[in-house]
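J.: Quick one: sequence plus predicted model below, questions after.
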Amino acid sequence: MEPTLDEAIQSVFGTQQPQNPAQAPRGQPELGQARAQFDVAQKAMQQGDWEKFGKAMEALKHLLTGPGQ
């Protein structure tokens, strides 16, 4: 566990998030989209809606890894 989502992502993937989103490499998900999907997953988990949680996590995985991975 890390105090922020950015730090958690960095801890898991070992990468630094770009300081300026305009300089993000092509093909990288928007951090805002990933945060929003993470929030959906968190809310579903808190509500015990495991089907919605699973779908949100799959969508987050798709955002972070790209299609087909």
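T.: That came through fine.

J.: For the rest of this, base every contact and every neighbour count on C-alpha atoms.
T.: Noted.

J.: residue ranges with poor pLDDT in the protein?
T.: Residues of the chain that meet the criterion pLDDT under 70 lie in 15-29, 67-69.

J.: Quick check: the gap between Glu51 and Gln37.
T.: Taking CA to CA, to the nearest Å as the measure, Glu51 falls 14 Å from Gln37.

J.: higher neighbour count, these two?
T.: Neighbours were counted for Glu51 and for Gln37 using other CA atoms under 10 Å; Gln37 has more, 20 against 11.

J.: What lies in contact with the helix or strand containing that one?
T.: Element membership for Gln37 (DSSP states H and E) is helix 31-47. Surrounding helix 31-47, the residues in contact under the criterion CA atoms under 8 Å, 6 or more residues apart in numbering are Leu5, Trp50, Lys52, Phe53, Gly54, Ala56, Met57, Ala59, Leu60, Leu63, Leu64.
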